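Q: Sequence plus the predicted model coming up.
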Amino acid sequence: MGRRTRNHCRCAGKGRTHSVSDDAQASHPYVGLWVTEDGHIRHELLPNNRYVEARGNRERAYLGRYKVTGTHIDYWDDTGFTADGDFRDGVLYHAGMVLRRER
């Protein structure tokens, strides 16, 4: 597992959480499961603008909210870290990783 690293990370304050109202729904085509080629990293983008990141056998390693603007995604995890990525040609490029939609 090792320590958690992400490109484009900034600490927004430990213990700080963000909430999204239950009626907020994603209005983009990227909802679903995105996985690295080796299957180690898995991002599930939920329709309520929340995400669950799994790493290896840790199914809920990180939780947080996200926002998609066009083809850009911003993440705010519940521990206070932020990260971002971009969707290009059906691929999510995030923190030096390449994730593809699992169908």
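A: Perfect, thanks for sending it.
Q: And the strands in the protein?
A: 10-11, 32-36, 41-45, 50-55, 58-69, 72-77, 81-88, 91-94, 97-101 (DSSP state E).
Q: Comparing these, which yields the minimum mean pLDDT?
A: Note on these: strand 10-11 shows the lowest mean pLDDT, a mean of 33.
Q: about what we covered before: tabulate the strands of the chain in TSV, adding columns for mean neighbour count.
A: C-betas here are computed from N, CA, C, even on glycine. Shown next, in TSV, are the strands of the chain (neighbours: other CB atoms under 10 Å):
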stretch	mean neighbour count
strand 10-11	10
strand 32-36	17
strand 41-45	20
strand 50-55	18
strand 58-69	15
strand 72-77	19
strand 81-88	17
strand 91-94	18
strand 97-101	16
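Q: Output stretch 54-63 in PDB with nothing but the alpha carbons.
A: Extracted C-alpha coordinates of stretch 54-63, given in PDB (Å, rounded to 0.1, in the frame of the first residue of the first chain):
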ATOM      1  CA  ALA A  54     -10.400   1.600  -3.600                       C
ATOM      2  CA  ARG A  55      -6.700   0.700  -3.400                       C
ATOM      3  CA  GLY A  56      -5.800  -3.000  -3.600                       C
ATOM      4  CA  ASN A  57      -7.900  -4.800  -1.100                       C
ATOM      5  CA  ARG A  58      -9.000  -1.600   0.700                       C
ATOM      6  CA  GLU A  59     -12.400  -1.200  -0.800                       C
ATOM      7  CA  ARG A  60     -13.100   2.200   0.800                       C
ATOM      8  CA  ALA A  61      -9.600   3.600   1.100                       C
ATOM      9  CA  TYR A  62     -10.800   7.200   0.500                       C
ATOM     10  CA  LEU A  63     -14.200   8.900   0.300                       C
END
